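Novice: Here is a sequence with its predicted model. Questions after.
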Amino acid sequence: GSGSPYVNYVIEVSAPRSGLNESWKIEHRYSDFDSLRHNLITETAGSATLPPLPKKHIFSSIENTENRKDGLCAFLNDLLNIESARSKTLATFLQATEVLTDIESQQQEADEEEKMSMLS
């Protein structure tokens, strides 16, 4: 097609907290991040304040693209720090469904251990 050119952002994802020393690359367009944010707003029913996306520029330059990529990485890191945003939607976007499930189950175990120590 003769569609306008677009940028695919390739971002390296790693999951140190899961105990897996894995990293992998994901590739998404800016519009994918926009959709992700909208889906998470719907899922969290506005209960969480989600970070903003970096601005789009009218003119594309290598510098703008690099800055936006940094902003998109920061956006994803911020999302991972919001408990209600850590959902299947985000996991699928990060291609990390197994890893996030691991993190969740470890988190539950940690919470249960904490409760046990408070009781004793």
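Specialist: Great, that's in hand. Residues are numbered from 1 along each chain as shown.
Novice: wait, what's in contact with Asn39?
Specialist: Thr89 (CB atoms under 8 Å, 6 or more residues apart in numbering). In this view, the C-beta of every residue, glycine as well, is placed from N, C-alpha and C.
Novice: what's the answer for Val13, then?
Specialist: Contacts of Val13 (CB under 8 Å, 6+ apart): Ser23, Trp24, Lys25, Ile26, Leu76, Leu94, Gln95, Ala96.
Novice: Put the buried members of those into a PyMOL selection.
Specialist: Buried members of those, defined by 16 or more other CB atoms under 10 Å, are picked up in PyMOL with:
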select buried, resi 26+76+94+96
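Novice: quick one: which of the contacts of Val13 sit in strands?
Specialist: Ser23, Trp24, Lys25, Ile26 (DSSP state E).
Novice: Could you tell me which residues make contact with the spatially closest residue to Leu79 that is not a sequence neighbour?
Specialist: Excluding the flanking residues, the one nearest Leu79 by CB to CB, 6 or more residues apart in numbering is Ala85, at 4.7 Å. For Ala85, the contact set (CB under 8 Å, 6+ apart) comprises Leu40, Thr44, Ala48, Leu50, Leu79.
Novice: Dump those residues into a markdown table; add distance to Lys56 and pLDDT as well.
Specialist: As requested, the contacts of Ala85 are arranged in a markdown table below (distance: CB to CB, whole Å; pLDDT from 0 to 100):
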| residue | distance to Lys56 | pLDDT |
| --- | --- | --- |
| Leu40 | 19 | 95 |
| Thr44 | 24 | 90 |
| Ala48 | 23 | 85 |
| Leu50 | 17 | 94 |
| Leu79 | 19 | 92 |
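Novice: Buried members of these into PyMOL, please.
Specialist: Buried residues among those (16+ other CB under 10 Å), as a PyMOL selection:
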select buried, resi 40+44+50+79
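Novice: Contact partners for the residue nearest to the spatial centre of the chain?
Specialist: Taking CA atoms, centre = their mean, the centroid of the chain lies closest to Leu76, which sits 3.5 Å from it. Counting by CB under 8 Å, 6+ apart, Leu76 touches Ile11, Val13, Leu94.
Novice: How about Leu40?
Specialist: Leu40 neighbours (CB under 8 Å, 6+ apart): Ala48, Leu50, Leu79, Ala85, Ser87, Thr89, Leu90.
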